[in-house]
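**Student:** Need coordinates for the below:
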Amino acid sequence: MARSIDYGNLMHRAMRGLIQTVLRDVAAHGLPGAHHFFITFDTTVQGVELASWLRARYPKEMTIVIQHWFDNLTVSDEGFTITLNFGDNPEPMVIPFDAVRTFVDPSVEFGLRFETHEDDADEDEDDPEDDPPPQQDAQIVRLDKFRKQ
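**Tutor:** From the prediction side, this is the model:
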């Protein structure tokens, strides 16, 4: 069997490493300037820990905002823990990096989106096996478009 390079998996690991580095810096030094984050995660992924009322309210996906008030941010190789305020109720949560679907810092127009295997399966469902795969051109992501002018 021919060996191949799994660029998708390598890119996901690199992007999760970027999030890990950013969150570790914020845990150590706080949020600099106007930076803040919107993090959407899959609440069904193993290892996600939420209060039962939050899990009932967000059974599949949840977006958190890390901006004005957060506490106890700790970052590991597998994910992060954080306490956020929901209506004057501090709620601790554990979020594995594998659960993260989007990471956005709108202050500098930076964002990452992680595709899941389910997204791939949805696309494959309406593609009969008889059809040849469509030819695709390589896509190059220019990081310049995320930099603030």
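**Student:** Break down this protein into its helices, ranges please.
**Tutor:** Remark: helices assigned in the chain by DSSP state H are 7-29, 52-57, 117-125.
**Student:** weakest of the ones you listed in terms of mean pLDDT?
**Tutor:** Ranked by mean pLDDT, the helices of the chain bottom out at helix 117-125, with a mean of 50.
**Student:** For the residue most central in space within the chain, name its beta-bridge partners.
**Tutor:** With distances taken as CA atoms, centre = their mean, residue 100 lies nearest the centre of the chain, 3.0 Å away. Judged by DSSP bridges, the bridge partners of residue 100 are residue 41.
**Student:** do you know how far the closest residue to residue 94 other than its chain neighbours is from residue 40?
**Tutor:** In this structure, residue 94 finds its nearest non-sequential neighbour in residue 49, 3.8 Å apart by CB to CB, 6 or more residues apart in numbering. Where C-beta positions appear, they are placed from N, C-alpha and C, glycine not excepted. For residue 49, the distance to residue 40 equals 17 Å [CB to CB, to the nearest Å].
**Student:** All good on my end, thank you.
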